[in-house]
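> Turn this into a model:
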Amino acid sequence: MKHTYTITGMTCNGCRTYVEDALNAIPEINCVEVNLEASEASIEMAQHISTDKLQKALSSKYHIAEKNIFNVSSETQTTKKSELQQLFPLFLIFFFIIGSSILLNYNPWNGRAFMLDFMGLFYIVFSFFKFLDLKGFPDSFRMYDPVAKVIPLYGWVYPFIELGLGTLFLMRIEITLALIVTLVILGITTIGVTKTLLGKKSIQCACLGTALKLPMTKATLIENTIMIVMAVVMLIKLHN
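Numbers count the residues shown, from 1 in each chain. Predicted coordinates for the structure are as follows:
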């Protein structure tokens, strides 16, 4: 018999290999095929195995659930709750970045400086989390970024690009260039995020690297959109 399961927590080919090997080690299982991009596993077994037994074979990093028409509603509710819980670090980081930018510019208030500081802090903080796992980030990033899929080196360089852009914004150096690069790289990434969301694929977002396990959701699209809108506004202000 063959069953299909959803597996969350996989971020790279190393994760895929681990999951396949761990599940194949169960005596009742004949064959396991893991689809990293779809976050799914097709398991052929000699007899039915409980999901609890499959979960025990995996580390706590991964969560496995059988795709079943009878428990779709409950799984959906659990997934929604889990996504909100997992996105809490992202919301908290945004709160701190916004708060810091306001404190730097509230007296007297300077809207232009606020946006530059926000963008600078955004890049610095987000690049920091990517540097925590510089080796694992490219594999996770190329799952949805169009350029990283074609040019693997881009995934390795991307954290350095963010760090450089953050430095330029905070030091007020080559602002126009930094804004144009922001539009290009975030525009490309947003295309990939949109395709992923429309395709309803369950993958990990690499916006905060792999240190924090964040699901790819509309929040990712919103954060990119905010940065793109700010970049457009700043370009208009600088040339008026």
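> which residues of this structure fall in helices?
According to DSSP state H, the chain carries its helices in the segments 13-24, 51-56, 72-105, 111-131, 137-141, 146-150, 152-171, 175-198, 218-238.
> closest to residue 1 out of these?
Minimum separation from residue 1 across the helices of the chain (C-beta to C-beta) falls at helix 51-56, 13.9 Å. C-beta: built from backbone N, CA, C; applies to glycine.
> For this structure, name the helix or strand with the lowest mean pLDDT.
When the helices and strands of the chain are compared on mean pLDDT, DSSP states H and E, strand 214-215 comes out lowest with a mean of 62.
> doesn't residue 37 make contact with residue 143?
Yes. Between residue 143 and residue 37 there is a contact under C-beta atoms under 8 Å: 5.9 Å.
> Who has more neighbours out of these two?
Neighbours of residue 143 and residue 37, each counted by other C-beta atoms under 10 Å, are more numerous for residue 143; the result is 23 against 14.
> Report the separation between that one and residue 95.
Noted for residue 143: a distance of 27 Å to residue 95, by C-beta to C-beta, to the nearest Å.
> Let me know how buried the closest residue to residue 63 other than its chain neighbours is, in neighbour terms.
In space, residue 63 comes closest to residue 8 once its chain neighbours are excluded; the distance is 4.9 Å by C-beta to C-beta, 6 or more residues apart in numbering. Other residues within reach of residue 8 by the criterion other C-beta under 10 Å amount to 18.
> Check residue 218 too.
Taking other C-beta under 10 Å as the criterion, the count of residues near residue 218 is 13.
> pretty sure residue 90 is touching residue 222, no?
No. Distance between residue 90 and residue 222: 10.0 Å, which falls outside the contact criterion (C-beta under 8 Å).
> quick one, which of those two is more surrounded?
Between residue 90 and residue 222, counted using other C-beta under 10 Å, residue 90 has the larger neighbour count: 20 against 13.
> What distance do you get for that one to residue 65?
When C-beta to C-beta is applied, the distance between residue 90 and residue 65 equals 23 Å.
> Then residue 105?
Distance, residue 105 to residue 65, using C-beta to C-beta: 46 Å.
> Equivalent analysis for residue 219, please.
Distance, residue 219 to residue 65, using C-beta to C-beta: 22 Å.
> neighbour count winner among these two?
More crowded of residue 219 and residue 65, by other C-beta under 10 Å: residue 219, with 19 against 16.
> so who does that one touch?
Contact criterion C-beta atoms under 8 Å, 6 or more residues apart in numbering gives 87, 90, 91 as the residues in contact with residue 219.
> what's the answer for residue 138, then?
Taking C-beta under 8 Å, 6+ apart as the contact definition, residue 138 lies against 148, 152, 155, 156, 158.
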